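Asker: The sequence and its predicted three-dimensional model are supplied below.
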Amino acid sequence: MNLRVDEKLKKNAEKITKELGIPMSVAVTLFLKALVREKALPFLVSVDPKKKRDSGRAFYDDSEERDAAEENVIDQDAVKNAIDKL
């Protein structure tokens with residue numbers, strides 16, 4: 001797969017994936033697997049500014065699940081476990 005991405009965006013994304021301890025290809029694979037699993041983008045896309053603030057909240061069934069997810073810090077092992085579950 002070849003993608004054209006703004007150079008600044010690419011560098012910023014590479015910095016984050018490096019901090020997470022995963023290569024960019026794994027981040028893209030995670031995105032694509034979530035897209036296929038959910039049959040939707042794995043984040044909210046909206047022109048409504050109110051919905052943009054809660055973009056990650058739309059994928060949780062209840063507030064306890066959402067709150068637990070927001071408290072978690074994802075480390076390299078958590079990423080590997082998530083990939084294995086996909």
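Answerer: Received, thanks.

Asker: for this structure, where's the lowest mean pLDDT among helices and strands?
Answerer: helix 63-71 (a mean of 54; mean pLDDT, DSSP states H and E).

Asker: For this structure, give me the ranges with low pLDDT.
Answerer: Under the criterion pLDDT under 70, the flagged ranges of the chain are 49-79, 86.

Asker: now the helices for it?
Answerer: The residue ranges that make up the helices of the chain, judged by DSSP state H, are 7-20, 24-38, 49-53, 63-71, 76-85.

Asker: which non-adjacent residue is nearest residue 5?
Answerer: In space, and not counting its chain neighbours, residue 5 is closest to residue 13: 7.9 Å by C-beta to C-beta, 6 or more residues apart in numbering. Placement of C-beta: from N, CA and C, glycine included.

Asker: So that neighbour is in contact with residue 26, correct?
Answerer: No. Using C-beta atoms under 8 Å, residue 13 is not in contact with residue 26; the gap is 11.9 Å.

Asker: How many residues are close by residue 3?
Answerer: Other residues within reach of residue 3, judged by other C-beta atoms under 10 Å, total 7.

Asker: From residue 46, how far off is it?
Answerer: 24 Å (C-beta to C-beta, to the nearest Å).

Asker: try residue 39
Answerer: Counting by C-beta to C-beta, the gap from residue 39 to residue 46 is 18 Å.

Asker: So which of those two has more stuff around it?
Answerer: Counted by other C-beta under 10 Å, residue 39 and residue 46 do not tie: residue 46 has more neighbours, with 12 against 6.

Asker: And that one, its phi and psi?
Answerer: In terms of degrees, to the nearest 10, the main-chain angles of residue 46 are phi -150, psi 150.
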